[in-house]
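Engineer: Can you look at this prediction? I've put the sequence above it.
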Amino acid sequence: MTVTFGFVIFIIFIALVFDYINGFHDAANSIATVVSTRVLSPGMAVMWAAFFNFIAFAVFGTRVAKTIGGDLVNINLIASDMRLYVLLSALLGAIIWNIITWWLGLPTSSSHALVGGYAGAAIASYKGVGGLLIASGWIKTLIFIVASPLIGMLLGYIFMVIVYWLFRRSSPSKVDKTFRTGQLFSAAAFSLGHGGNDAQKTMGIITVALVAGNLLAAGPEGKLPEIPLWVVLTAHAAIGLGTLSGGWRIVHTMGSKITKLKPVGGFCAETAGAATLFGATLTGIPVSTTHTITGAIVGVGATRRLSAVKWGVAGRIIWAWILTIPIAASIAAISYFIIEFIYSLTST
């Protein structure tokens, strides 16, 4: 029991490390536009974003956490003594891919890295797929891999067109001054949505670990139970601290390489991204904040002219999106096989 308790604590620690790296990796999502438009300094921007990452626990429920923890993988099919190893391998797959993409400056999805890692580790342990992956959870997750950036792009384009029309008779200096203030609110809203959706993914994994380690009773019919408050607060604190550290390589890609932004464009992109994230989080859909804000930035840039968007950079980002789930799954599966091998040596 002592060993199990210690191992569960270790997995919780690794989950919080992932959560921290998620915030670090995805800081660009929340601050790239407000930094690139020079509305806030980088230091002030990360503090602003981290604060709203944390207080998101008071706004959103735990529907996304329950999707991650109970609607993607039927962990009850995996041998009870290997479930904690599956969770550890899933986290390792997500963390390693996040570090690789951070180093390359690619704004990939921490969410999809975790989803891919969880699936890859579970399949490696179960030695198959039949009945293991829950179709309903995967269908909505996979649909929104495509839908969230498209919704963000469409809303970004629509909001920008509306703003152009409303301020068509205003001087450029007045528009700039108005939306410099507006960006403070739009950046706060997006950071709120980011914390609300992304922190819940870690909550889901931690709760599964508590159940697998017999430290928390499973819910009805083996479903995920209510998320303990300390898990909620710890997950939000970890992602907030990660955001506070910033991921400057990705900030540069998001803030200037896709398209050049002014405060009005930053406001529209962040508002479009926030609206998409709020809707997804309240309906329990784990979406990529990275995909969402990137789509919104592209939509804003396209209102000027299609050539204003650097499609070569966007194409490189899309390839990274496509590869995230399979590569994170592969890394997690390899991690699981290594852990399983070490486990077999120590248990004989």
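Structural biologist: Arrived safely, thanks for sending.

Engineer: can I get the CA coordinates of stretch 92-99 in PDB?
Structural biologist: What follows is stretch 92-99, C-alpha atoms only, in PDB (Å, rounded to 0.1, in the frame of the first residue of the first chain):
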ATOM      1  CA  LEU A  92       5.800  11.000 -20.600                       C
ATOM      2  CA  GLY A  93       4.700  10.900 -24.200                       C
ATOM      3  CA  ALA A  94       2.900  14.300 -23.900                       C
ATOM      4  CA  ILE A  95       5.800  15.900 -22.000                       C
ATOM      5  CA  ILE A  96       8.500  14.700 -24.400                       C
ATOM      6  CA  TRP A  97       6.500  15.900 -27.500                       C
ATOM      7  CA  ASN A  98       5.800  19.200 -25.800                       C
ATOM      8  CA  ILE A  99       9.500  19.800 -25.100                       C
END
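
Engineer: Quick check: Ile9 vs Gly240, distance?
Structural biologist: The gap separating Ile9 from Gly240 is 21 Å, by C-beta to C-beta, to the nearest Å. (C-beta placed from N, C-alpha, C; glycine too.)

Engineer: Please disregard the earlier target; I meant Pro326.
Structural biologist: Note on Pro326: its distance to Gly240, by C-beta to C-beta, is 30 Å.

Engineer: Comparing the two, which residue is more hemmed in?
Structural biologist: For Pro326 versus Gly240, the count of surrounding residues by other C-beta atoms under 10 Å is larger for Gly240: 26 against 12.

Engineer: Does that one touch Trp48 like I think?
Structural biologist: No: using C-beta atoms under 8 Å, Gly240 is not in contact with Trp48; the gap is 11.2 Å.

Engineer: Tell me the helix or strand right after the helix ranked longest in the chain.
Structural biologist: What stands out as the longest helix in the chain, according to DSSP state H, is helix 172-212. Going down the chain from helix 172-212, the next helix or strand is helix 229-245, by DSSP states H and E.

Engineer: Which strands and helices lie in contact with that following helix?
Structural biologist: The helices and strands touching helix 229-245, judged by 3 or more C-beta pairs under 8 Å, 6 or more residues apart in numbering; DSSP states H and E, are helix 2-36, helix 42-55, helix 172-212.

Engineer: And for it, what's in contact with it?
Structural biologist: For helix 229-245, the external contacting residues (C-beta atoms under 8 Å, 6 or more residues apart in numbering) are 16, 19-27, 30-31, 46-47, 49-51, 53-57, 62, 191, 194-195, 198-200, 202-203, 206-207, 210.

Engineer: swap in stretch 131-143?
Structural biologist: The contact list for stretch 131-143 (C-beta under 8 Å, 6+ apart) reads 67, 71-74, 77-78, 115, 119, 122-123, 126, 285-286.

Engineer: can you rerun that using 6 Å?
Structural biologist: Outside stretch 131-143, the residues that touch it by C-beta atoms under 6 Å, 6 or more residues apart in numbering are Thr67, Asp71, Leu72, Asn74, Leu77, Ala122, Tyr126, Ile285, Pro286.

Engineer: Mind checking which of those residues are buried?
Structural biologist: Thr67, Asp71, Leu72, Asn74, Ala122, Tyr126, Ile285, Pro286 (16 or more other C-beta atoms under 10 Å).

Engineer: Would you double-check that the last one falls in a helix?
Structural biologist: Meaning Pro286. No: looking at Pro286 with DSSP: H, G, I helix; E, B strand; the rest coil, it is coil, so not inside a helix.

Engineer: now it: how far from Pro172?
Structural biologist: For Pro286, the distance to Pro172 equals 40 Å [C-beta to C-beta].

Engineer: Same check on Ile342?
Structural biologist: Per C-beta to C-beta, Ile342 is found 63 Å from Pro172.

Engineer: quick revisit: nearest to Leu87 among the contacts of stretch 131-143?
Structural biologist: For the contacts of stretch 131-143, the minimum distance to Leu87 (C-beta to C-beta) is 9.3 Å, reached by Ala122.
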